[in-house]
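Trainee: Generate a structure from the sequence data that follows.
(one chain, ligands or ions: 2)
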Amino acid sequence: MENKDYSILLYYCYASIEDTEAYREEHHLFCVEHNIRGRIIISPEGLNGTVSGLKEDCEKYMAYIHADPRFAKTEFKIDSHDKHAFAKIHVRVKPEIVHSSLRHIDPNTRTGKHLEPEEFKLLKDQEDVVILDVRSNYEHELGRFKNAITLDIDNFRDFPEKVKELEHLKNKKVLTYCTGGIKCEKASAFLLEQGFQDVYQLHGGIIKYGMEAGGEDFEGKCYVFDNRIAVDVNKVNPSVISTCHVCGTVCDRMVNCANPSCNEHLPICENCGWELEGACSVACKEHPEKRTYDGTGYYQKNTNGYNPYKGLFRRQDKEKVKHLIHGEKNPGVRTDHQS
Ligand SMILES: [Zn+2]
Ligand SMILES: [Zn+2]
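Mentor: Numbers count the residues shown, from 1 in each chain. Ligands and ions are numbered 1, 2, ... in the order given. Next comes the predicted model:
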């Protein structure tokens, strides 16, 4: 049997954080000490993270977050896995927990009505209901709800601009959804602000819907932001909706183009992947900086000088920190393909 000793956690919490830098340092230290890896964003408007770790370490991590009164209401989507889903830990301070053009919106003040997965399932096929996917092209091209309206956007910050094209839906029941629910908090609030009357959001997103409602009528796979790249959601009536970018065969295997200056997220089949060495075209295959393809099509993000250990040495336990840093360089850790 496959061992599933690791958990992958997906979560967010809209809550005011005043001491972002100090909190970043504290939060980061906790992750390093408990071998939690992944990407965490800390901002004055809250917390957002996808992390992986041993099951018992993830339990401690969730307890750590819940123990802080600001984040006591945080809900975690918990998945099992056989290894870490990230090579490193990044805890960054940013102006928003999801890059949007909606910084003025506070979902704690007003947002669309939350629907639990089972409620969403019952409502989605009713008359006068429209399902709106608020995610980007590379996400909804790989998988989406049956009959969902999708938007031609490459980034969530372009969402508000596209809402102008949805004027004709103002009097319908609009059900928004995204990967884990975080984007919908703002997207649904924005729709209300724009005069949409009846706006709902899928609480916990596609991921929670897959876990609690079997994923029924979600077509294709769900794009995720860790090295799994895509996950199965639908255990009831699964299908594949995407095709290989190179040869056109039905395919739901997502890769990032190995050419770092292209880096497109695309479905590329196993054969074409090896043929083009992980690139999306012959031109990208011949790019001088093309990364080495290992069959996964996943590459660590360029860290741009980000030092995950920044701030740690200010603590008393310098020896412990040295040990932790040294311990990171064990052979089991995947190396960064970028220089
Ligand atoms: Zn192909
Ligand atoms: Zn390319």
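
Trainee: which bits of the stretch 101-250 of the chain sit near ligand 1?
Mentor: Contact residues, the stretch 101-250 of the chain versus ligand 1 (CB under 5 Å from the ion): 244, 246, 247. (Glycine included, C-beta is placed from N, CA and C.)

Trainee: what's the distance between the first one and residue 250?
Mentor: Here the distance between residue 244 and residue 250 works out to 8 Å (CB to CB, to the nearest Å).

Trainee: returning to what we had before: just the buried ones from the residues of the stretch 101-250 of the chain next to ligand 1?
Mentor: Those of those that meet the buried threshold are 244, 246, by 16 or more other CB atoms under 10 Å.

Trainee: Now tabulate the residues of the stretch 101-250 of the chain next to ligand 1 in JSON lines and tack on distance to ligand 2.
Mentor: Output for these, formatted as JSON lines (distance: CB to the ion, whole Å):
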{"residue": "244", "distance to ligand 2": "14"}
{"residue": "246", "distance to ligand 2": "11"}
{"residue": "247", "distance to ligand 2": "15"}
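
Trainee: Could I get the full set of helices for the stretch 101-250 of the chain?
Mentor: Assigned by DSSP state H, counting those that start in this stretch, the helices in the stretch 101-250 of the chain fall at 117-123, 137-140, 159-162, 182-193, 205-213.

Trainee: Out of the ones you listed, which is closest to residue 25?
Mentor: helix 182-193 (23.5 Å; CB to CB).

Trainee: between the residues of the stretch 101-250 of the chain next to ligand 1, which is closest to residue 283?
Mentor: Each of these was checked against residue 283 using CB to CB; the closest is residue 246, at 12.5 Å.

Trainee: Please name the residues that touch that closest one.
Mentor: For residue 246, the contacting residues are 268, 269, 272, 275, 276, 280, 281, by CB atoms under 8 Å, 6 or more residues apart in numbering.

Trainee: Now go through the residues of the stretch 101-250 of the chain next to ligand 1 and say which are in strands.
Mentor: Of these, none are assigned to strands by DSSP state E.

Trainee: still on that earlier bit, and the contacts of residue 246, which are buried?
Mentor: Looks like the contacts of residue 246 have 268, 269, 272, 276, 280, 281 buried, using 16+ other CB under 10 Å.

Trainee: How about the fifth one, nearest residue that isn't a chain neighbour?
Mentor: Nearest residue to residue 280, sequence neighbours excluded (CB to CB, 6 or more residues apart in numbering): residue 257, at 4.1 Å.

Trainee: Also near ligand 2: which of the contacts of residue 246, exactly?
Mentor: For ligand 2, the contacts drawn from these by CB under 5 Å from the ion are residue 280.

Trainee: would you list every one of the strands in the stretch 151-300 of the chain?
Mentor: 173-177, 198-202, 218-220, 222-223, 230-231, 254-256, 265-267 (DSSP state E, counting those that start in this stretch).

Trainee: out of those strands, nearest to residue 291?
Mentor: Residue 291 sits nearest to strand 254-256 of all the strands of the stretch 151-300 of the chain, at 8.9 Å, using CB to CB.

Trainee: mind listing what that closest one pairs with, with the direction of each?
Mentor: With DSSP bridges as the test, strand 254-256 is paired with strand 265-267 (antiparallel).

Trainee: so where is this protein shaky, pLDDT-wise?
Mentor: 1-2, 301-339 (pLDDT under 70).

Trainee: Pick out the residue of the stretch 101-250 of the chain closest to ligand 2.
Mentor: residue 245 (9.1 Å; CB to the ion).

Trainee: Surely that residue touches residue 273?
Mentor: No - checked against CB atoms under 8 Å, the pair residue 245 and residue 273 is beyond contact range at 10.4 Å.

Trainee: Same drill for the two, tell me which one is more crowded.
Mentor: A direct count of neighbours by other CB atoms under 10 Å for residue 245 and residue 273 places residue 273 higher, at 22 against 19.

Trainee: gap between that one and ligand 2?
Mentor: From residue 273 over to ligand 2 the distance is 12 Å, taken as CB to the ion, to the nearest Å.

Trainee: now the helices of the stretch 101-250 of the chain in TSV, with mean neighbour count?
Mentor: As requested, the helices of the stretch 101-250 of the chain are exported to TSV (neighbours: other CB atoms under 10 Å):
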stretch	mean neighbour count
helix 117-123	17
helix 137-140	19
helix 159-162	16
helix 182-193	25
helix 205-213	23
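
Trainee: Next, the buried residues of stretch 77-92.
Mentor: Within stretch 77-92, the residues that count as buried by 16+ other CB under 10 Å are 77, 78, 79, 81, 84, 85, 86, 87, 88, 89, 90, 91.

Trainee: from those, which ones fall inside strands?
Mentor: 77, 78, 79, 81, 89, 90, 91.

Trainee: In JSON lines: those, plus distance to ligand 2.
Mentor: Output for these, formatted as JSON lines (distance: CB to the ion, whole Å):
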{"residue": "77", "distance to ligand 2": "31"}
{"residue": "78", "distance to ligand 2": "34"}
{"residue": "79", "distance to ligand 2": "29"}
{"residue": "81", "distance to ligand 2": "28"}
{"residue": "89", "distance to ligand 2": "29"}
{"residue": "90", "distance to ligand 2": "25"}
{"residue": "91", "distance to ligand 2": "30"}
